[in-house]
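[1] Sequence and predicted structure, then a few things I'm wondering about:
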Amino acid sequence: MERKDWQNYEFPAKVAGRIPRRGASSPFARWLLQDAVQPVGPESDEHTRSKSAWWKVMALTGVDYFSTLSYLPAIAVLAAGALSPLATLLIVALTLFGVLPMYRRVAKESPHGQGSVAMLERLLPFWRGKIFVLILLGFVATSWIITITLSAADASVHLLENPIVPEGLRWLQVPVTVALLVILGGVFLLGFTEAVNVAIPLVVAFLALNAVVIGLGITQLVLHPEAIVDWQAALVRDTGGIGGVVVTTLIAFPLLVLGLSGFETGVSMMPLIAEKGATKEARLAARIRNTKKLLTTAALIMSAYLITSTFVTTLLIPAEEFEPGGEANGRALAYLAHEFLGPVFGTAYDLSSILILWFAGASAMAGLVNIVPRYLPTYGMAPDWSRAVRPVVLVYTGISIVITIAFQADVDAQAGAYATGILAMMVSAAVAVLIAAIRQKRTPAIIGFSVVTLVLGYALGANIIEKPDGIAISGMFILGIVAVSLVSRISRSTEIRAETVEFDEAARGFIEGSLRHDGRINIVANRRQAGDRAEYLDKEKTQRRMNPVPGRADILFLEIEVIDPSEFREVITVEGVAVDGHRVLRAASPAVPNAIAAILIAIRDATDVRPHAYFEWSEGNPVFHLMRYLLLGRGDTAPVVREILREVDADPDDRPIIHVGG
């Protein structure tokens, strides 16, 4: 019902947008959609997420990071032989003096958990930035989804190759891996707190058992120093001097750098870290400090374990046992556990390895759930329900099962994609912090991060040359994300995108004046040219001639300036401007029709008056106008505005009224 007395009416300064909201018609649907990842910005509501102490979140990160102890020492020996302890020292030096400072900087620059993706996104405007982010997200998806599938496959290998398991059950690797993935997804359906609670005992038990094995190994070396003498002789005999050491270390380095995979997931889980503070800024600063504690502690623990584990396995295990088919192949510490402590302890170690390898996918799942929904729905490149945690967990679990079946749970077949994804993410982080250092003119940081970028770039290039299938698989992920994103963007192009519509004092005064004049709102859409008195006189005269604008009706002009048409969601601010007696409402938006529809709906909702909007037909091919609208935010505006209004309000008698002439 339209208001009759407008003399004392005050138009509100802010009107809620009519964007689609996730509906839940049943208790199950409400449970499925209740926990959501919010976009970063003024509308973010991260304080509603369940959070844990930084050391607990470190356990969730550590199931991926620390689990590499199950196989990395064996990889080091295969790649570098007697030089593996020296190659590991290089990795530890890179970790503590390169990668750790790099990710501490990433945490400071992107405290909402977007990682280096957000840092690099800011460098490129418009569609270039969006496409670049989609490519980075393709590598992110490659890394973390393959982490989930490869870790589960590796866990099934450890399970089925245990001496107490009959060889006749080896064919069950694919079903066992799929079962592990389903259980992992089930844990995340319960919630992040439950995932953290599962991770803590797994990490503590695994590190404790490894400490026992490594401690016993060091004791053996102290009691039998001849092993050290034999190793020193092997170094002199096999390396061929300094040149041989350098070449062997460089060859081994790209394989060993995979042990750094936990840093990106650590940053991505920043929103899960509890913080304290009286203000939003204080809480954000506390979150950054706690994340730096997480990263530093994890790096120190892992460095100590890497050095000692590689040293004892290299010196105490015969070289032939590391070869394919050997008992230490891919499970060097497990070999020592069985060899020195017997089948009971060895089986306990195997069980711990199986569990942490299985749950290593949890940190990757947490990273995916926290970072991808911050981008695609915000870009309009995924359904809005994809912000909800549980539906995307189901999607990622389904994708992981498909990949597992496609690769027949073969660890080696997935290794190339795993390495490519991880190294691409680390190179992007290195480039991001290097650019930040250059902009801040910090010379020592520029030199240091340049070295880190070159080292990681070399590792990525060497891995692509060695295993080109990895970049091919990453390319498939990238193409899939881009294709799905573009289809979603097109399908959502006629949504009302405004979170809210805000009106300044002058704009509110113009609307109130029109209502007091005749109780109507007549709006003429105008694409501003000169913006002078002559333009508005001509526009008003044209509209009164071609459209049924009542002769004495009050007119407001509405102008939308297009800003970054690649954006999707927004808060529209409407300003009132007077030009020689003509009253103009002006706003900026990524898309003209969507902004006009949002403003018309906001005025209708605030006044209970159906606005009349007047347009001219656009000249030219309608297909051309469609492409202009999708890419540039403007085209044949009138029919798109009407379609948006039709989708928002099913009742034609309730919609704002559109008039088109020309």
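    Happy to help now that I have it. Residues are numbered from 1 along each chain as shown.

[2] Can you mark which positions in the longest helix seen in the chain are buried?
    Ordering each helix of the chain by length in residues (DSSP state H) puts helix 332-371 first. Judged by neighbour count (16 or more other Cβ atoms under 10 Å), helix 332-371 contains these buried residues: 332-341, 345-347, 349-350, 352-371. (Each C-beta comes from the backbone N, C-alpha and C, glycine too.)

[3] Tell me which stretches of the stretch 501-650 of the chain form helices.
    505-518, 533-546, 592-607, 622-632, 637-648 (DSSP state H, counting those that start in this stretch).

[4] Which one of the ones you listed lies nearest to Gly186?
    helix 637-648 (36.7 Å; Cβ to Cβ).

[5] now for that closest one, which elements pack on it?
    Contact partners of helix 637-648 among helices and strands, from 3 or more Cβ pairs under 8 Å, 6 or more residues apart in numbering; DSSP states H and E: helix 592-607, strand 612-616, strand 657-661.

[6] What's the mean pLDDT across the longest one?
    The average pLDDT within helix 592-607 is 90.

[7] can you check the second one too?
    Regarding strand 612-616, the rounded mean pLDDT is 88.

[8] could you give the angle of it to helix 637-648?
    Relative orientation of strand 612-616 and helix 637-648, computed by axes from the mean of the first three to the mean of the last three Cα atoms, to 10 degrees: 140 degrees.

[9] thinking again about what came up before, just how off-centre is the longest helix of the chain within its chain?
    Here the centre of helix 332-371 is set off from its chain's centre by 26 Å, with Cα atoms, centre = their mean, to the nearest Å.

[10] Output the contacting helices and strands for the helix or strand just after it.
    Remark: after helix 332-371, the chain's next helix or strand is helix 389-406, criterion DSSP states H and E. When contacts are defined as 3+ Cβ pairs under 8 Å, 6+ apart, helix 389-406 sits against helix 27-33, helix 126-160, helix 173-190, helix 332-371.

[11] Let's see that with 7 Å instead.
    helix 126-160, helix 173-190, helix 332-371 (3 or more Cβ pairs under 7 Å, 6 or more residues apart in numbering; DSSP states H and E).

[12] Worst mean pLDDT among these?
    The minimum mean pLDDT among those belongs to helix 126-160 (a mean of 82).

[13] counting contacts, what elements does that helix pack onto?
    helix 116-121, helix 173-190, helix 332-371, helix 389-406, helix 411-440, helix 469-491.

[14] Show me what the fifth one is packed against.
    Right, helix 411-440. Counting contacts by 3+ Cβ pairs under 7 Å, 6+ apart, helix 411-440 packs against helix 100-109, helix 116-121, helix 126-160, helix 262-268, helix 443-466, helix 469-491.

[15] In three-state terms, label Glu275 for me.
    coil (DSSP: H, G, I helix; E, B strand; the rest coil).

[16] about what we covered before: so which of the helices and strands packed on helix 389-406 comes closest to Ala606?
    Using Cβ to Cβ, the nearest of the helices and strands packed on helix 389-406 to Ala606 is helix 126-160, at 32.5 Å.

[17] what angle do the closest one and helix 389-406 make?
    If you take the same axes, to 10 degrees, helix 126-160 sits at 60 degrees to helix 389-406.

[18] in helix 126-160, what's buried?
    So, applying 16+ other Cβ under 10 Å, buried residues of helix 126-160: 129-130, 132-160.

[19] ok, back up a step: would you format the helices and strands packed on helix 411-440 as a markdown table with distance to Glu502 included?
    Formatted as a markdown table, the helices and strands packed on helix 411-440 follow (distance: least, Cβ to Cβ, whole Å):
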| stretch | distance to Glu502 |
| --- | --- |
| helix 100-109 | 29 |
| helix 116-121 | 25 |
| helix 126-160 | 24 |
| helix 262-268 | 33 |
| helix 443-466 | 40 |
| helix 469-491 | 25 |
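
[20] looking at those, which is closest to Arg610?
    In terms of Cβ to Cβ, the element of the helices and strands packed on helix 411-440 nearest to Arg610 is helix 469-491, at 28.1 Å.

[21] So which other helices or strands are in contact with that closest one?
    By 3+ Cβ pairs under 7 Å, 6+ apart, helix 469-491 packs against helix 126-160, helix 411-440, helix 443-466.

[22] Now do the buried residues in it.
    Gly470, Ile471, Ile473, Ser474, Phe477, Ile478, Ile481, Val482, Ser485, Ser488, Arg489.

[23] Can I get those residues in JSON lines including pLDDT and distance to Phe615?
    Putting these into JSON lines (pLDDT from 0 to 100; distance: Cβ to Cβ, whole Å) gives the following:
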{"residue": "Gly470", "pLDDT": "81", "distance to Phe615": "53"}
{"residue": "Ile471", "pLDDT": "87", "distance to Phe615": "49"}
{"residue": "Ile473", "pLDDT": "84", "distance to Phe615": "49"}
{"residue": "Ser474", "pLDDT": "84", "distance to Phe615": "46"}
{"residue": "Phe477", "pLDDT": "84", "distance to Phe615": "43"}
{"residue": "Ile478", "pLDDT": "86", "distance to Phe615": "40"}
{"residue": "Ile481", "pLDDT": "83", "distance to Phe615": "37"}
{"residue": "Val482", "pLDDT": "82", "distance to Phe615": "34"}
{"residue": "Ser485", "pLDDT": "79", "distance to Phe615": "31"}
{"residue": "Ser488", "pLDDT": "78", "distance to Phe615": "28"}
{"residue": "Arg489", "pLDDT": "75", "distance to Phe615": "25"}
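
[24] Can I get these in TSV including distance to Thr397?
    Formatted as TSV, these follow (distance: Cβ to Cβ, whole Å):
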residue	distance to Thr397
Gly470	23
Ile471	25
Ile473	19
Ser474	21
Phe477	16
Ile478	21
Ile481	18
Val482	23
Ser485	21
Ser488	20
Arg489	25
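
[25] which one of those residues is nearest Phe407?
    Ile473 (9.5 Å).

[26] In this structure that closest one contacts Phe139, no?
    No: taking contacts as Cβ atoms under 7 Å, Ile473 lies outside contact range of Phe139: 10.6 Å.

[27] How about Glu540, nearest residue that isn't a chain neighbour?
    Ile555 (5.9 Å; Cβ to Cβ, 6 or more residues apart in numbering).

[28] what's the neighbour count on the one you found?
    Neighbour count for Ile555, taken as other Cβ atoms under 10 Å: 20.

[29] for Phe503, same thing?
    26.

[30] do Asn547 as well
    18.

[31] Let me know the pLDDT of it.
    With respect to pLDDT, Asn547 scores 74.

[32] hang on, isn't it packed against Ile657?
    No: in this structure, Asn547 is not within contact of Ile657 by Cβ under 7 Å, at 10.9 Å.

[33] so where is the stretch 301-450 of the chain shaky, pLDDT-wise?
    Applying pLDDT under 70 to the stretch 301-450 of the chain picks out residues 377-382, 384.

[34] Which residue, other than its chain neighbours, is closest to Leu33?
    Nearest to Leu33 is Ala388, by Cβ to Cβ, 6+ apart, at 4.5 Å.

[35] Would you agree that neighbour is in contact with Trp31?
    No: contact between Ala388 and Trp31 fails when scored by Cβ under 7 Å: they sit 10.2 Å apart.

[36] give me the beta-bridge partners of the residue nearest to Leu33?
    Ala36 (DSSP bridges).

[37] count of neighbours near it?
    Count around Ala388 with other Cβ under 10 Å applied: 21.

[38] Also Gly62?
    As a measure of burial, Gly62 has 29 neighbours, counting by other Cβ under 10 Å.
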